[in-house]
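Peer 1: Give me a model of this one.
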Amino acid sequence: QVQLVESGGGSVQAGGSLRLSCAVSGRTFSWLSMGWFRQAPGKEREFVAGINWSGGSTSYADSAKGRFTISRDNAKNTVFLQMSSLKPEDTAAYYCAADRRALDTSRLEPSRAYWGQGTQVTVFS
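Peer 2: All right, here's what the predicted structure looks like:
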């Protein structure tokens, strides 16, 4: 069973930065496409960013482009989300996801993913 453990959430003032981490175990990490999703209260879970096996291909939601960067360290079985220029509308629970499919892609299919427990990000103005 794949386990994903997020860390790095917290409260930050608008314009600030946070770095989320997700440690993965239970499967060969370098063969997992990884991503980050978020869910704000009263809203559906939405895609934020994805990264393929090698890290050479990434995808971002329009809301994340230019402000967020997804990366991975295959030697440490960890995926990161560096968030900068944070806005109050970025406030949400952020979830790490690993694609169950043996597919080298940066575009995860959420219905076919393993999920972490989530980490809260709160951006105040």
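Peer 1: hang on, residue 69 packs against residue 55?
Peer 2: No: Residue 69 is beyond contact range of residue 55, at 11.1 Å (criterion: C-beta atoms under 8 Å). Where you see a C-beta, it was placed from the backbone N, CA and C, and this is true even at glycine.
Peer 1: Does residue 15 touch residue 85 like I think?
Peer 2: Yes: here residue 15 reaches residue 85: they are 6.2 Å apart, a contact under C-beta under 8 Å.
Peer 1: Okay, the residue positioned nearest the centre of the chain and residue 17: tell me how far apart.
Peer 2: Ranked by distance to the mean C-alpha position of the chain (C-alpha atoms, centre = their mean), the top residue is residue 36 at 2.2 Å. Counting by C-beta to C-beta, to the nearest Å, the separation of residue 36 from residue 17 is 15 Å.
Peer 1: low-scoring stretches of this protein, by residue?
Peer 2: Within the chain, no stretch has pLDDT under 70.
Peer 1: quick revisit: partner residues bridging the residue nearest to the centre of the chain?
Peer 2: residue 49, residue 96 (DSSP bridges).
Peer 1: Name all residues that make contact with it.
Peer 2: Counting by C-beta atoms under 8 Å, 6 or more residues apart in numbering, residue 36 makes contact with 20, 22, 48, 49, 50, 70, 79, 81, 94, 95, 96, 97.
Peer 1: Could you provide those in JSON lines, with additional columns for neighbour count?
Peer 2: Formatted as JSON lines, those follow (neighbours: other C-beta atoms under 10 Å):
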{"residue": "20", "neighbour count": "24"}
{"residue": "22", "neighbour count": "25"}
{"residue": "48", "neighbour count": "24"}
{"residue": "49", "neighbour count": "25"}
{"residue": "50", "neighbour count": "23"}
{"residue": "70", "neighbour count": "23"}
{"residue": "79", "neighbour count": "30"}
{"residue": "81", "neighbour count": "27"}
{"residue": "94", "neighbour count": "23"}
{"residue": "95", "neighbour count": "23"}
{"residue": "96", "neighbour count": "28"}
{"residue": "97", "neighbour count": "26"}
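Peer 1: Thanks a lot, see you next time.
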